[in-house]
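Student: Based on what follows, work out the 3D shape:
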Amino acid sequence: MVTAQMVKELREKSGAGMMDCKNALTETNGNMDSAMEWLREKGISKVAKKESRIAAEGLANVFIEGNKAVILEVNSETDFVSKNEEFIDLINTIGAKLMKTTATTVDGAMDENDGALRTLMTEKTSLIGEKLSFRRFAIVEKNDDESFGFYLHLGGKIAVLTKVKGANETVAKDVSMQAAAMRPDYIFVSDVPAEVVEKERNFLKEQVMEEGKPEDIAIKMVEGRINKFFKEICLTKQAFVKDGGIDVETYVKNNGGEIVEVIRYEVGEGIEKRQEDFAAEVMNQVNKA
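Tutor: Model prediction:
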């Protein structure tokens, strides 16, 4: 019988994940040495050693089937690997699995079907030779009066999925392209936290007061500049790139629709990338030799 203590011990020895250790012990009838060998044969121990590395490159992608869409990001250590057929095949496989999942988190998706996706990630990591990370995903469903539109920039360095109501796929794709290009901080004005608005309003008020304007004029100037602030940070208020005379929200309305949801993934955003001095690394290797 495989106990929690046995799993813990094997995990400490191998550095492998809990489910991998449990599977190894189950396959080897609880024999610790055989379980270690099982992990080595599967490449899992080797994979565990890569966990401390930084994976901030990779690709994002969007998959759509009928009224369901998935947007996901998978990371690798180098941009070179993100162009690898094995890596692209991994993303396509994950996308197909997510179309059928009931999970709402990455860990949940990885643990489904006896950890099939987790095992696949391990196998691909071992095969490709870099740390790979299934970082995030979102599943969006629509009604029949709604449309999906997506856009991939630079082959998947940025992926945007948009859902609109009343308008068609072309309109939704235009919104996705706008979000990819203009990098809005928020989608709707209502998304902007009250403290962010208040901080900006106080800052603008100080500016106007320094200009010596009367209070009634100053109040109007502040509100005008706040609206300009929203145009900079909110997708719906940005000038539409294909027609600068209207904003994005108006463009969608002119086509009989409204924006329901926009999800934008930029590969590696928020991950602190390791800054390496290539010349120093080369000299270090030469000195060692």
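Student: Strands along the protein, start to end?
Tutor: Assigned by DSSP state E, the strands in the chain fall at 57-65, 68-76, 133-141, 146-153, 158-165, 239-240, 243-247, 258-266.
Student: Pull out the buried residues from the third one.
Tutor: Pointing back at strand 133-141 there. Across strand 133-141, burial judged by 16 or more other Cβ atoms under 10 Å covers 133, 134, 135, 137, 138, 139, 140. C-beta: built from backbone N, CA, C; applies to glycine.
Student: Now do the contacts for the first one.
Tutor: Same thing as residue 133. Shown in contact with residue 133 (Cβ atoms under 8 Å, 6 or more residues apart in numbering): 55, 58, 74, 75, 76.
Student: Next one: it, what pLDDT does it get?
Tutor: On pLDDT, residue 133 comes in at 92.
Student: how close does it get to residue 5?
Tutor: 29 Å (Cβ to Cβ, to the nearest Å).
Student: could the contacts of residue 133 go into a markdown table alongside neighbour count and distance to residue 255?
Tutor: Shown next, in a markdown table, are these (neighbours: other Cβ atoms under 10 Å; distance: Cβ to Cβ, whole Å):
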| residue | neighbour count | distance to residue 255 |
| --- | --- | --- |
| 55 | 22 | 40 |
| 58 | 27 | 34 |
| 74 | 26 | 33 |
| 75 | 23 | 36 |
| 76 | 25 | 38 |
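Student: Output the below-cut-off pLDDT ranges for the stretch 1-150 of the chain.
Tutor: The stretch 1-150 of the chain contains residues with pLDDT under 70 at 12-17, 40, 42-52.
Student: all helices for it, in order.
Tutor: 4-14, 18-27, 32-41, 44-48, 79-82, 85-98, 106-128 (DSSP state H, counting those that start in this stretch).
Student: Of these, which is nearest residue 247?
Tutor: helix 85-98 (32.6 Å; Cβ to Cβ).
Student: Now the closest one: buried residues?
Tutor: Under 16+ other Cβ under 10 Å, the buried positions of helix 85-98 are 87, 88, 90, 91, 94, 95, 97, 98.
Student: Export those as TSV, with columns for distance to residue 112.
Tutor: Putting the buried residues of helix 85-98 into TSV (distance: Cβ to Cβ, whole Å) gives the following:
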residue	distance to residue 112
87	22
88	22
90	16
91	17
94	12
95	15
97	8
98	10
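Student: number of nearby residues for the closest residue in space to residue 101 that isn't next to it in sequence?
Tutor: Spatial nearest neighbour of residue 101, chain neighbours left out: residue 109 (5.2 Å); criterion: Cβ to Cβ, 6 or more residues apart in numbering. Look at residue 109: counted by other Cβ atoms under 10 Å, it has 22 neighbours.
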